[in-house]
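> A predicted structure for the sequence below; I have some questions about it.
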Amino acid sequence: EAGVTQFPSHSVIEKGQTVTLRCDPISGHDNLYWYRRVMGKEIKFLLHFVKESKQDESGMPNNRFLAERTGGTYSTLKVQPAELEDSGVYFCASSQSPAEAFFGQGTRLTVV
Amino acid sequence: QKEVEQNSGPLSVPEGAIASLNCTYSDRGSQSFFWYRQYSGKSPELIMSIYSNGDKEDGRFTAQLNKASQYVSLLIRDSQPSDSATYLCAVTGGSYIPTFGRGTSLIVHP
């Protein structure tokens, strides 16, 4: 069974540009989470989908971040326009039960 | 603000010793507790889950939960150099969204 996959693994963009991160959850997992880890800090929650619906987006830092989950399958997280402080590792996780979450490899985003 | 606190370490133990990792949480309504292991540059990997007070053992790993003290720990027996990693404590409450601590770096030296 394939795990959670994320694309790209690394992205380096200039301040002001747009970047779109993609997450493919484990098949059949209704819950999908986005997290971000900034250097030296804890993994911070961004938002939670149940199927295609945003269940909780209280962790989204501002309106430069837009997440979608088309048809309850894969999800995208767009940052537009990117700022320096957006740099970090963005993790996606999915779960079937509302408990044990499985993580993707993460996307390392560097904004220069 | 729900918080999960961990000592960032590093915790250094000799090979074969018991490594003890600790975590406290602020939300008394927390229901599920997890330990993840994260190797450098890799994704967090779930290694233990615990839902009720007491101990839960899985191989060399034992998770301990004390809800009254809002404390959860992970013991690693017979520590191996391959156990060297960052160990993340995660806690979920009614919203079922895992909240993570900063992680404790464990170094097992030969």
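Now that the structure is in, tell me what you want to look at.
> Check what pLDDT the most centrally placed residue in chain A gets.
Nearest to the geometric centre of chain A sits residue A:34, at 3.6 Å (Cα atoms, centre = their mean). You'll see residue A:34 listed with a pLDDT of 96.
> likewise the one 5 residues further on?
According to the predicted model, the pLDDT of residue A:39 comes to 82.
> Which residues of chain A lie near chain B?
Within chain A, the residues that sit near chain B (Cβ under 8 Å from any Cβ of the partner chain) are A:4, A:31, A:33, A:35, A:41-45, A:48, A:56, A:91, A:93, A:98-106. Where C-beta positions appear, they are placed from N, C-alpha and C, glycine not excepted.
> Please identify which helix or strand holds the residue nearest to the centre of chain A.
Using DSSP states H and E, residue A:34 maps to strand A:31-37.
> Residue B:57 now?
strand B:54-58.
> helices and strands around that strand, which ones?
When contacts are defined as 3 or more Cβ pairs under 8 Å, 6 or more residues apart in numbering or on different chains; DSSP states H and E, strand B:54-58 sits against strand B:45-50, strand B:61-66.
> what's the angle from that strand to strand B:61-66?
For strand B:54-58 against strand B:61-66, the angle by axes from the mean of the first three to the mean of the last three Cα atoms, to 10 degrees is 170 degrees.
> Is residue B:107 bridged to anything, and to what?
As for beta bridges, residue B:107 partners with residue B:12 under DSSP bridges.
> returning to that earlier point: which neighbours does the strand holding residue B:57 have in its sheet, and in what orientation?
strand B:61-66 (antiparallel).
> how near is the closest residue to residue B:106 other than its chain neighbours to residue A:94?
Take residue B:106 and drop its neighbours on the chain: the residue closest to it by Cβ to Cβ, 6 or more residues apart in numbering or on different chains is residue B:11, 5.1 Å away. Using Cβ to Cβ, to the nearest Å, residue B:11 is found at 30 Å from residue A:94.
> circling back: quick one: which of the residues of chain A next to chain B sit in strands?
Among these, the ones falling in strands (DSSP state E) are A:31, A:33, A:35, A:43, A:44, A:45, A:48, A:56, A:91, A:93, A:102, A:103.
> need the contact list for the closest residue to the fifth one other than its chain neighbours.
So that's residue A:44. Using Cβ to Cβ, 6+ apart and skipping residues adjacent in sequence, the residue nearest residue A:44 is residue A:36, 5.4 Å away. For residue A:36, the contacting residues are A:43, A:44, A:46, A:88, A:89, A:90, A:91, by Cβ atoms under 8 Å, 6 or more residues apart in numbering or on different chains.
> shaky segments in the chain?
Chain wasn't specified; assuming chain A. For chain A, the stretches with pLDDT under 70 are A:1, A:98-99.
> I was thinking of chain B, sorry if that wasn't clear
Along chain B, the model assigns pLDDT under 70 to residues B:1.
> Which single residue in it comes nearest to chain A?
Relative to chain A, the nearest point of chain B is residue B:96 (3.4 Å; Cβ to the nearest Cβ).
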